[in-house]
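Enquirer: this one's sequence-less:
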C-alpha cells in the first residue's frame with residue numbers, strides 16, 4: 001500500500017514537472033529553433049518558407065503551430081534576402097560590363113534576369 005502511494009506521488013511529481021516545463025516554453029523564434037521538441041517543426045516551416053513551398057501548418061497544439069510559423073516566416077525572409085543580394089550582385093556585374101564595353105565595343109553584356 002505504501003509502495004503504491006509512493007509510486008503514485010512520484011508519478012504526480014513527474015507529470016507536474018513536465019507540465020510546468022511545457023507551460024514555461026515561450027515560442028519565440030530562438031526557442032523554437034533550439035528546443036529539442038520543436039526544432040524539427042521549426043525546420044519544416046523554415047524549409048517550406050525558403051523553398052516557396054505551400055504553407056502547411058497542420059500542427060494541433062499552439063506551441064507547435066507558432067514554431068512552424070516562425071520557421072516559415074524566417075525561411076521566407078532569408079530567401080528574399082538572398083534573392084535581393086543576388087539581384088544586386090547581378091546588377092553590379094552588368095553595370096561593370098557596360099563600363100568595360102565603353103572601352104571595348106566587342107564586349108557583349110547580358111542584362112540580369114528580372
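Expert: Cool, the structure landed. Since the structure is predicted, the reported quantities are computational estimates derived from the model, not experimental observations.
Enquirer: Would you tell me which helix is longest in the chain?
Expert: Identified as the longest helix of the chain according to DSSP state H is helix 62-103.
Enquirer: Off-centre distance for that helix?
Expert: 15 Å (Cα atoms, centre = their mean, to the nearest Å).
Enquirer: residues contacting residue 51?
Expert: 75, 79 (Cβ atoms under 8 Å, 6 or more residues apart in numbering). Every residue, glycine included, has its C-beta placed from N, CA and C.
Enquirer: any idea how far it lies from residue 82?
Expert: According to Cβ to Cβ, to the nearest Å, residue 51 stands 12 Å off from residue 82.
Enquirer: do residue 58 as well
Expert: Separation of residue 58 from residue 82 (Cβ to Cβ) stands at 27 Å.
Enquirer: who's more crowded, these two?
Expert: Per other Cβ atoms under 10 Å, whichever of residue 58 and residue 82 has more neighbours is residue 82, with 11 against 8.
Enquirer: Can you read off the pLDDT for the more buried one?
Expert: You'll see residue 82 listed with a pLDDT of 96.
Enquirer: now do residue 43
Expert: Residue 43 is assigned 95 on the pLDDT scale.
Enquirer: Contact partners for the spatially closest residue to it that is not a sequence neighbour?
Expert: Nearest residue to residue 43 in three dimensions, chain neighbours excluded: residue 71, at 6.3 Å (Cβ to Cβ, 6 or more residues apart in numbering). By Cβ under 8 Å, 6+ apart, residue 71 lies in contact with 32, 33, 41, 42, 43, 44, 45, 46, 47, 48, 49.
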